[in-house]
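>>> Could you work out the structure for the sequence below:
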Amino acid sequence: MNSDSENTKTDIKGYVLYCVAIIVFLTFKVAQVLPWNEDGKVLGLNYNYVVYFCVIVFAFLSFFVIRSISLRVNKNIPDRILSFFYIMLAIISILFLYVAYDKEIEYSYAGLEGWHGFIREHTKHLPFTLFMLVAILLIGSFTKKKITVSTKIKWLYSIAAAFLGAIFVYAPNLYKNGGAWKLWHVHAYTNSIVNIMNLHPYDDSTASIYGHYGLIYYPFVRLLGNNYKAIAITIALFAFITYICVSYVLINMVKDDSIYILSILAILGIGISFMGEGQYYQILPHRCLFPALTLALITWHIRHQEREKLYWALKLICGILSVIFNLETGMVCLVTLSFVSFVEKKDKRVASFFAQGLYMMLCVISSYLIVNAYNILVGGEWNGKRTFIFPIASDGYNMFKLLRVEITNPISGYFIQIVFLLLGFGVALVKYHDKNEPRNYRERHLTVMSIAMCGIGVFTYFIDRPAASCMAIAHIQFVMILASYSDAFYETELKKEFIFNNPEKVFKTTTVSIAFLLIAWLALENLMTIGYVVDDRNRTVWEQASLEEDIKDFREWRKEGAIAFGIGIPELYYMIGEDTGIALSDWSGTINGHGYDKLREMLTAEDDVIVTSELYNYDDRVHEMLAEYTISNTFTGNNFECYYMTRNCIVD
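Okay, here's the model as predicted:
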């Protein structure tokens, strides 16, 4: 046996990881055909979450059990057989990518709900991308020269890329948002911000399923102009901050500059390949901002261990703000921050466990108090815990009970993501506890652990609704894990002699090659899609002439004093510097019984209302409420239509 293959306590043989990947695949596959998949619940819980929990448990149990077995039986496996086994598995992995691509094309054309387009969306320029990948591999194989870029140049490149990504998120004309998202999803996000800018309190009728993020937006929007364009700029600013935080993590984690350059391009996929035809703020920046800030903070802490007090202060602020911004993602950030602190305290695990528990409680309680302090200041009432944690405590929106889309075929892009995240965490956890690992490597393993844990946590959003482009929720973490695998690609594997008798070298070469291919493929596709996205934005959300015309005409058309409601109405009134007269949750799906009751009560005292034609014609409850009203005038804008309605006169 080759000395490199000798067993040690921290050995992780390649076939262990492949076995875990197969177990994860089989768990998803079996879950897909079980009868509970259609019923939607197991023991009253969302079936998808039960499956995801089982996947995580089975993955880690199998990882440690199979690894333990491998340490005992590995000596009996001939090197050549093991090497051949790894090569065959690598070929099967490449074939899996092709089959998954073919399946996504097949099911997307069939219009089947639940099939997102991760691979499909990143293969629009497949021939050119494949050509470039082959060119990169050939250059990497024959050249001995390493690409070297100074840190200053890397930061300039990162800032330019972040600015580009932010520009694509900037969308002042929400009424022309395209793709599958359209005005529906933009209103779902910006409605709550407009409510807070008009100083409306949070209550059961105004709560947003996305959290209390309006409080975080408020100072930025006020500073930037207190109008809808300021909201659009702030959203773009938060996207810019997200990209910069990711760049900071990659600069400190990735040593190979060529991998770094490709990684930054690949990260931009959230706003380019995934969102090429419209905005979906619920992912970028909403569920990416604080995970990126969290990972950047952890990276800074690992590099500055001596600044413990400052780290704790920043950790507390980040934790509180993340919970205010979005409860579910905030909890993932709290768990990630707490886990890192727990792992670091090897000699004080029990004390650290309780300390981290207190930290998480303090963050949640503090965010609850801050939200209620705002409510009291603007004349609202103290919200109960159920209102604060909406929608988790709501039967109509409870993600842990309500199945939206059944679990989908694992022969798809999401399986690739979750496997890399799970295996990245397991490998980093074992390597971090290896006393023989140099300190800088152990720091790197801790960073990778935090990235993987954060990715596994936020991936629950995709599990809640495995459709469309929701998989972009963990795209940042996925790319960073790929970067960590690919980092030493040129120097440690590809440029050195291929030794067939060394199975672990064969495994590293094939696995790292797959990771590199994925990250290069993502980067190249994003690069090729930029022109298409620019054209799309110019035709849609960047076009403001029609919007300015609509604002001018609507200001003259509307009747002062009439309450107004509907998708896009709060934003339109905010553009003309006025309030609608009624604050409600968004009409894109969050509006609940409390909101309808509030509207019904207000209508008893209102003779004039303005409502969007879409809402009036398609929402049966609204149509019923307005049965005593008659359409007296219609406003037709370039991209929306409103009715001015008056109460019918009762003649004795």
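>>> now the strands: where do they sit in this structure?
Using DSSP state E, the strands of the chain run over 41-42, 45-46, 563-565, 608-612, 629-636, 641-647.
>>> Deepest in the core, which of these is it.
Across the strands of the chain, averaging neighbours per residue (mean count of other Cβ atoms under 10 Å) puts strand 608-612 on top, at a mean of 23. Just so you know, the C-beta spots here come from the backbone N, C-alpha and C atoms, and that holds for glycine as well.
>>> Run through the residues that contact the residue nearest to residue 483 when sequence neighbours are not counted.
In space, residue 483 comes closest to residue 263 once its chain neighbours are excluded; the distance is 4.3 Å by Cβ to Cβ, 6 or more residues apart in numbering. Contacts for residue 263 (Cβ atoms under 8 Å, 6 or more residues apart in numbering) come out as 250, 254, 479, 480, 482, 483, 519, 523.
>>> Which residue, neighbours along the chain excluded, lies closest to the fifth one?
Read it as residue 482. Closest to residue 482 by Cβ to Cβ, 6+ apart is residue 519, at 4.3 Å.
>>> The last one now?
With sequence-adjacent residues excluded and distances taken as Cβ to Cβ, 6+ apart, residue 523 is closest to residue 265, at 3.6 Å.
>>> Can you get me a residue count around that neighbour?
As a burial measure, residue 265 scores 23 neighbours (other Cβ atoms under 10 Å).
>>> from the contacts of residue 263, which would you call buried?
Among those, those buried by neighbour count (16 or more other Cβ atoms under 10 Å) are 250, 254, 479, 480, 482, 483, 519, 523.
>>> wait, the second one sits on residue 484?
I take that to be residue 254. Yes. Taking contacts as Cβ atoms under 8 Å, residue 254 lies within contact range of residue 484: 7.4 Å.
>>> quick one: the closest residue to residue 646 other than its chain neighbours from residue 558, how far?
The shortest distance from residue 646 to any non-neighbouring residue, by Cβ to Cβ, 6+ apart, is to residue 632 (5.0 Å). Noted for residue 632: a distance of 13 Å to residue 558, by Cβ to Cβ, to the nearest Å.
>>> Now do the shared contacts for these two.
Here residue 632 and residue 558 have residue 644 as joint contacts, going by Cβ under 8 Å, 6+ apart.
>>> all helices for the stretch 301-450 of the chain, in order.
With DSSP state H, counting those that start in this stretch as the criterion, the stretch 301-450 of the chain has helices at 308-325, 327-344, 349-377, 385-388, 413-432, 439-458.
>>> The longest one to helix 308-325, inter-axis angle?
Put simply, helix 349-377 runs at 50 degrees to helix 308-325, going by axes from the mean of the first three to the mean of the last three Cα atoms, to 10 degrees.
>>> Please identify the buried residues of helix 349-377?
By neighbour count with 16+ other Cβ under 10 Å, helix 349-377 contains the buried residues 352, 356, 359-360, 363-364, 366-368, 370-372, 374-375.
>>> Let me know the angle separating the longest helix seen in the chain from helix 413-432.
In the chain, with assignment by DSSP state H, the single longest helix is helix 503-539. Between helix 503-539 and helix 413-432, the angle comes out at 130 degrees (the same axes, to 10 degrees).
>>> low pLDDT regions in the stretch 551-652 of the chain?
589-590, 649-652 (pLDDT under 70).
>>> Helices along that one, start to end?
Taking DSSP H, counting those that start in this stretch as the criterion, the stretch 551-652 of the chain carries its helices at 569-575, 593-603, 613-618, 620-625.
>>> For residue 458, which of these is the nearest?
Of all the helices of the stretch 551-652 of the chain, helix 569-575 sits nearest to residue 458, with 27.3 Å by Cβ to Cβ.
>>> which parts of that closest one are buried?
569, 570, 571, 572, 573, 574, 575.
>>> between the buried ones among the contacts of residue 263, which is nearest residue 316?
Closest approach between the buried ones among the contacts of residue 263 and residue 316, by Cβ to Cβ: residue 480, at 24.7 Å.
>>> Contacts only, for that closest one.
By Cβ under 8 Å, 6+ apart, the residues touching residue 480 are 246, 249, 250, 253, 263, 295, 451.
>>> Need these in JSON lines (columns: pLDDT).
Listed next are those as JSON lines, based on pLDDT from 0 to 100:
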{"residue": "246", "pLDDT": "97"}
{"residue": "249", "pLDDT": "97"}
{"residue": "250", "pLDDT": "96"}
{"residue": "253", "pLDDT": "92"}
{"residue": "263", "pLDDT": "93"}
{"residue": "295", "pLDDT": "98"}
{"residue": "451", "pLDDT": "97"}
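>>> now those residues in CSV, with distance to residue 438?
Listed next are the contacts of residue 480 as CSV, based on distance: Cβ to Cβ, whole Å:
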residue, distance to residue 438
246, 25
249, 20
250, 20
253, 15
263, 23
295, 22
451, 20
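>>> Filter those residues down to just the ones in helices.
246, 249, 250, 253, 263, 295, 451.
>>> residue ranges with poor pLDDT in the stretch 1-150 of the chain?
Scanning the stretch 1-150 of the chain for pLDDT under 70 picks out 1-12, 36-39, 73-77, 101-147.
>>> give the contact list for residue 21.
Counting by Cβ under 8 Å, 6+ apart, residue 21 has contacts 419, 423.
>>> Quickly note the distance from it to residue 578.
The separation that residue 21 has from residue 578, given Cβ to Cβ, amounts to 56 Å.
>>> Next: residue 555.
9 Å.
>>> Also residue 223?
Distance from residue 223 to residue 578, by Cβ to Cβ: 21 Å.
>>> now residue 284
30 Å.
>>> These two: which has the busier surroundings?
For residue 284 versus residue 578, neighbours defined as other Cβ under 10 Å are more numerous around residue 284 (27 against 14).
>>> Hmm, residue 270 and that one touching each other?
Yes. With contacts counted by Cβ under 8 Å, residue 284 reaches residue 270, the gap being 4.6 Å.
>>> Overlap in contacts, these two.
Shared contacts of residue 284 and residue 270, defined by Cβ under 8 Å, 6+ apart, are found at residue 472.
>>> thinking again about what came up before, tell me who's in contact with the residue nearest to residue 523.
Residues in contact with residue 265 (Cβ under 8 Å, 6+ apart) are 161, 522, 523, 524, 526, 527.
>>> what does residue 235 give?
Applying Cβ under 8 Å, 6+ apart to residue 235 gives the contacts 169, 170, 171, 281, 285.
>>> Neighbour-wise, give me the winner out of those.
Neighbour counts for these, by other Cβ under 10 Å, peak at residue 285, which reaches 27 neighbours.
>>> ok, and the closest non-adjacent residue to that one?
Leaving out its chain neighbours, the residue that sits closest to residue 285 by Cβ to Cβ, 6+ apart is residue 238, at 3.8 Å.
>>> Distance of that neighbour relative to residue 60?
34 Å.
>>> between these two, who's got more neighbours?
Higher neighbour count among residue 238 and residue 60: residue 238, with 25 against 15, using other Cβ under 10 Å.
>>> Tell me if I'm right that the more buried one and residue 287 touch.
No. Residue 238 is beyond contact range of residue 287, at 11.2 Å (criterion: Cβ under 8 Å).
>>> And for residue 379, nearest residue in space, chain neighbours not counted?
Using Cβ to Cβ, 6+ apart and skipping the chain neighbours, the partner closest in space to residue 379 is residue 201 (6.7 Å).
>>> Pull the contacting residues for the residue nearest to the spatial centre of the chain.
The residue lying closest to the centre of the chain (Cα atoms, centre = their mean) is residue 473, at 2.0 Å. Contacts here follow Cβ under 8 Å, 6+ apart; on that basis residue 473 touches 283, 287, 288, 458, 459, 461, 462.
>>> Would you mind giving the buried residues of helix 349-377 as JSON lines with distance to residue 626 and pLDDT added?
Output for the buried residues of helix 349-377, formatted as JSON lines (distance: Cβ to Cβ, whole Å; pLDDT from 0 to 100):
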{"residue": "352", "distance to residue 626": "59", "pLDDT": "87"}
{"residue": "356", "distance to residue 626": "53", "pLDDT": "94"}
{"residue": "359", "distance to residue 626": "50", "pLDDT": "96"}
{"residue": "360", "distance to residue 626": "46", "pLDDT": "96"}
{"residue": "363", "distance to residue 626": "44", "pLDDT": "97"}
{"residue": "364", "distance to residue 626": "41", "pLDDT": "96"}
{"residue": "366", "distance to residue 626": "43", "pLDDT": "97"}
{"residue": "367", "distance to residue 626": "38", "pLDDT": "97"}
{"residue": "368", "distance to residue 626": "37", "pLDDT": "96"}
{"residue": "370", "distance to residue 626": "38", "pLDDT": "97"}
{"residue": "371", "distance to residue 626": "33", "pLDDT": "96"}
{"residue": "372", "distance to residue 626": "34", "pLDDT": "96"}
{"residue": "374", "distance to residue 626": "33", "pLDDT": "97"}
{"residue": "375", "distance to residue 626": "30", "pLDDT": "96"}
